[in-house]
Every structure is written in structure tokens, then in C-alpha cells.
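*Asks:* below is the sequence, then the predicted model.
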Amino acid sequence: MSRVASPSDRCDWSVFVVRSDGEATRLKEVQRVPLADLSAHLSAPLKEAFRQCDTPGRPAVLQVATEASLLALDVDEWRLGPEDERLGTQRPVVLRCSDRDQLTENGENPEYGENPEYGETSGHGAYPGHGAYPGHGAYPGHGAYPAHRAYGENGDHRLDIDEERRARWRWLHAHPVTAAVLDCDDGLRKPVPPVEELRGLSHGTVPVLCRFDAHGVQGDAEGLARLVRGGFGVALWRRGYGLPETVCGEFHRGTLDQIAGPAGAHRLPEAVRDLRHRLRSGRPETFWAHGIALLYDDPHQPLPGAGDLLEAP
């Protein structure tokens, strides 16, 4: 997708299929579609993409690439037909950030202003993968990586952020990971730390946001953008939807239990899909997972069409 400057509630979008050898094929692109109608417009091309990519017992991963300001887009709740399951229970649905290189230290994209609302910008694209997560190929992760943060020559810890992002990704997929709730302390909201402090977290950390509400507190969207700017390719949050604060403790415990373990981050897309499925099946022990979302943005995998963006009309 690409932004349409006016009217601001419309976007251009593309659907790609990424095959096991990394080859990307654009199935369809459409311009100036109302954001509110995205699911209806994307239904047919997504069905065709899944027809090409799904294998028996292994539905393709849907990767949704959007700007940081639209990472709250609830694609996992979409139904492609009146009798269809929600996408998020049918298959892994993960998010990627298409404008991470344009974000400032405060998590803002200066091209779009300081605090764009939900309907003011769109993202880059949506595409199903083929084969292993997150869309093609195997995960990097062999060898030794730093336990705390990466260091450049002469002990310089301020590495290029792209190199740091890749180091975090490799570590998360080769070692056990831990969750860290960053915006809530014993039920009290707190700001997400600044980017430089986030960069000091261990490479095995998966950030969790408990209080994220794209339509509410201004700092929420900025906090999520800080995670992206800070080099994190894997993060969890829940979309607010006005849930009572009493659910905070259950969400903290649930995410800590879900993420902690001997396996690396490669299991998280399927684990989140399973959570969504159990939640929709009425399993009471999963009520805390309502609105859960997963950023799973492989820095080693370029976004298809990234060098061929549509220009805004």
C-alpha cells in the first residue's frame, strides 16, 4: 500500500505472493480505496493468493506490511466471506512495518506529521508467504551473537540500527526468549522508554505493550513506533477495545507464559494463531488474548515491491 494524501482516508494497495525461492509476484494493485472498505476489496486477491500458497495442513502466513501509524489495523479479524473463519484463526497473520527507516527517534514519520490518526495513512502491502515463516526460506540464527547488545569496532555500541536489528533477529531465533511488558506497571500506565533505552534491552527480549490504543492516548502509537525504531522485529501488543484494566494482570501473565520457553521466536506466529483459535472457540483461559497482535518483521527479507512503490496521486 502507499499513502494517498487527499482524501486522507484512502490508500493504494498491492497483494503479492512470495514463493519458497524468494520470488515475489504481484497479483493485483488498486488505487484510492477507502480504508474502511479494505477487507472487501482485498477479499478476492487474498483468496487467490492463498489458493496458490496453501498446502494441505499448512496454511500460508499472511504478512501485512503497513506504516507504523497503521500497525493497529485488525486484519486478523477480517473475514473474506460471510461463512469464512476470521483470518487470524485460519492462518498466522503477522505485521511488518514499511516505513521503519523514516521514523525519527521519537517514533514519528516526519513526512506524515506528529500524530496521524488511524485513517490518515496507509501502509505498504499485504502478502501471503509460502513455506516456512515468515514467508519463505529458513530462519537465520546459527552461530554466536551478543547476549546484551552488539558492539562495533573499538567498542562503539552505537551500531547502525539496521545491523542491530539483524543481530536481534538472529539471537531471537537461535536462543530462548523472554517477554518484557514496557507500558504498564502493576496496572498503572507508564510511557514506553525512549529509543536509546530500548536499544539497551537484551537481544533475547520480546517487548509487550499492554495499554496500546491507536485511537486513544497520543503516546501509545508513538510508543509502538519507538519499538520499531529501536531495532525490534518481534513484539506483542493487544488492541485496547476498551477492555477493563482488571484484565492487565491476566494479559501480563498470559504473554509471559506464552513467550517464555526453550524455543526461539520462530514459534510465535503459530502460537498467536493458536491463541486466537482457542479464544474464538470459547476457551475461558484465553480471554486475556482478545485483540492480540504480533509484529514479526524479518530484516533479512525485503518487502516485495519495496523499490517500486506507487506515487500518491
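*Replies:* Here it is on my side, so go on. Since we're looking at a predicted model, the values are computed, not measured.
*Asks:* quick one, strands of the chain?
*Replies:* 2-3, 10-18, 24-34, 62-66, 93-97, 125-128, 178-181, 184-185, 188-189, 205-209, 234-238, 292-296 (DSSP state E).
*Asks:* among these, which is nearest Phe251?
*Replies:* Each of the strands of the chain was scored for nearness to Phe251 using C-beta to C-beta, and the closest is strand 234-238 (6.2 Å). (C-beta placed from N, C-alpha, C; glycine too.)
*Asks:* now the strands of the chain as TSV including mean pLDDT?
*Replies:* Formatted as TSV, the entries for these read as follows, by pLDDT from 0 to 100:
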stretch	mean pLDDT
strand 2-3	54
strand 10-18	88
strand 24-34	90
strand 62-66	94
strand 93-97	96
strand 125-128	58
strand 178-181	93
strand 184-185	89
strand 188-189	86
strand 205-209	95
strand 234-238	94
strand 292-296	95
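*Asks:* Phe50 is nearest to which of the ones you listed?
*Replies:* Checked against C-beta to C-beta, the stretch from those lying closest is strand 125-128, at 5.9 Å.
*Asks:* want to throw the strands of the chain into JSON lines with mean neighbour count and distance to Ser43?
*Replies:* What follows is the strands of the chain, written out as JSON lines (neighbours: other C-beta atoms under 10 Å; distance: least, C-beta to C-beta, whole Å):
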{"stretch": "strand 2-3", "mean neighbour count": "24", "distance to Ser43": "20"}
{"stretch": "strand 10-18", "mean neighbour count": "23", "distance to Ser43": "11"}
{"stretch": "strand 24-34", "mean neighbour count": "15", "distance to Ser43": "11"}
{"stretch": "strand 62-66", "mean neighbour count": "25", "distance to Ser43": "13"}
{"stretch": "strand 93-97", "mean neighbour count": "26", "distance to Ser43": "15"}
{"stretch": "strand 125-128", "mean neighbour count": "27", "distance to Ser43": "12"}
{"stretch": "strand 178-181", "mean neighbour count": "17", "distance to Ser43": "34"}
{"stretch": "strand 184-185", "mean neighbour count": "16", "distance to Ser43": "36"}
{"stretch": "strand 188-189", "mean neighbour count": "12", "distance to Ser43": "37"}
{"stretch": "strand 205-209", "mean neighbour count": "24", "distance to Ser43": "30"}
{"stretch": "strand 234-238", "mean neighbour count": "25", "distance to Ser43": "26"}
{"stretch": "strand 292-296", "mean neighbour count": "23", "distance to Ser43": "21"}
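*Asks:* list the contacts of the nearest residue to Ala260 once chain neighbours are set aside.
*Replies:* Across the structure, with C-beta to C-beta, 6 or more residues apart in numbering as the measure, the residue nearest Ala260 apart from its sequence neighbours is Thr178 (6.1 Å). Residues counted as contacts of Thr178 (C-beta atoms under 8 Å, 6 or more residues apart in numbering) are 202, 204-206, 259-260.
*Asks:* now swap in Asp220 and tell me
*Replies:* Applying C-beta under 8 Å, 6+ apart, one finds that Asp220 lies in contact with 183, 209, 211-214.
*Asks:* most neighbours among the residues you listed, which one is it?
*Replies:* Ranked by the number of neighbours (other C-beta atoms under 10 Å), these place Arg211 first, at 26 neighbours.
*Asks:* could you report the distance from the nearest residue to His203 once chain neighbours are set aside to Ser20?
*Replies:* For His203, the nearest residue in space outside its immediate sequence neighbours is Trp171; the separation is 3.8 Å by C-beta to C-beta, 6+ apart. For Trp171, the distance to Ser20 (C-beta to C-beta, to the nearest Å) stands at 25 Å.
*Asks:* dump the strands of the chain into TSV; add distance to His277 as well.
*Replies:* Rendered in TSV, the data for the strands of the chain read as follows (distance: least, C-beta to C-beta, whole Å):
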stretch	distance to His277
strand 2-3	33
strand 10-18	24
strand 24-34	27
strand 62-66	15
strand 93-97	12
strand 125-128	18
strand 178-181	21
strand 184-185	26
strand 188-189	30
strand 205-209	21
strand 234-238	17
strand 292-296	12
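*Asks:* among these, which comes closest to Arg166?
*Replies:* Go through the strands of the chain one by one with C-beta to C-beta and the one that ends up closest to Arg166 is strand 234-238, at 12.7 Å.
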